[in-house]
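Visitor: Give me the fold of what follows.
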Amino acid sequence: MNGGGCHMSGEGGDSRGGESGSRPTITLEDLDAFNEDDFDSDLCRSGGADGVNDAMEEEGQDRLLNYWQDIGREHHVQIPQDMAQPIQQLTSDTESTTDREKVPFTLITCKENYEKRVYNQASWACITVREDTYEQSICAGFMKLMRYICQQNTSGNYLGMTLPIVTVVRTDDSRSSLSRDVTVAYYLPSQHQDQPPTPFDPDITMETWPATVIYSRSFSGPTTETSILGEIHALGEVLDSPQLCVSESFIVAGYTSPAAAHRHNEVWFLERC
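Guide: Predicted coordinates for the structure are as follows:
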């Protein structure tokens, strides 16, 4: 993982822009917050054994798409009709977050306010997006990665979900604002690490992140631009030797649904080589 290369993801609402902060930014883990049972029961009441499954699938896709389009509009991101099937496929992945494959690491040090870890070399699918706001960049980047995960790759298969989804964020010298260039990254499941399927989208790049020492601090709540900057400052203050870490690029990792009562996020500093 180099500071200039590739989760995501920072995810979360924004305190700016009127009511836009009332909903979370679109992420993989947001899909856990939507309950298909809410509309499946209505469809079942329509009756008719033949064709009911097709009708349920079609209407289910439409309702899921409408749900995400509503969220997208609040962040000024358009979610096209062709996202209906990828959104449904990801939603149908019923594994709990505790069962999903996680990025492996070796714990070196565990202190009260942070952990020091080693992450091995690994393959990631990455996309860098520059929109008007941090939240819009996250939304746009994630939608493209979602297509890649859901069959728009040379394997033609659904690749499966992993945790965390991470984003690489960059700050100015004073660490008072985030760059609009945001990289959203997806860790390839273990079965695809050696030969990652190639994305059809030329904006998505496959990167091999080298083995890296990470300083990680957990935090809860939404991951907005304001909260991320606050957590970056907080981790810098508790590190024994903050000069060992990169000064302008940081990683935000999200593990749980933004709808959860207790959300698990982390901010990562990368040790200088």
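Visitor: ok, how many other residues are close to the closest residue to residue 218 other than its chain neighbours?
Guide: When the adjacent residues along the chain are set aside, residue 218 lies closest to residue 266, with 5.3 Å between them (C-beta to C-beta, 6 or more residues apart in numbering). The way it works is simple: take the backbone N, C-alpha and C, and place the C-beta from them, glycine included. Using other C-beta atoms under 10 Å, residue 266 has 22 neighbouring residues.
Visitor: who's residue 266 bridged to?
Guide: Beta-bridge pairing of residue 266 under DSSP bridges involves residue 218, residue 253.
Visitor: Sketch out the low-pLDDT regions of the stretch 1-150 of the chain for me.
Guide: Flagging of the stretch 1-150 of the chain using pLDDT under 70 yields the residue ranges 1-60, 64, 67-68, 71-77, 87-99.
Visitor: thinking again about what came up before, how about the contacts made by the residue nearest to residue 218?
Guide: Residue 266 makes contact with 164, 216-219, 252-253, 255, according to C-beta atoms under 8 Å, 6 or more residues apart in numbering.
Visitor: On the pLDDT front, check it for me.
Guide: You'll see residue 266 listed with a pLDDT of 95.
Visitor: what's the answer for residue 255, then?
Guide: With respect to pLDDT, residue 255 has a value of 82.
Visitor: contacting residues for the residue nearest to it when sequence neighbours are not counted?
Guide: Closest residue to residue 255 apart from its sequence neighbours, by C-beta to C-beta, 6+ apart: residue 264 at 4.2 Å. Taking C-beta under 8 Å, 6+ apart, we find residue 264 in contact with 218, 220, 254-256.
Visitor: got it, and residue 232?
Guide: 171, 175, 250, 267.
Visitor: any idea how far the second one lies from residue 163?
Guide: It refers to residue 175. Using C-beta to C-beta, to the nearest Å, residue 175 is found at 27 Å from residue 163.
Visitor: out of these two, which sits in the more crowded spot?
Guide: The residue with more neighbours, out of residue 175 and residue 163 and counting by other C-beta under 10 Å, is residue 163; that gives 21 against 14.
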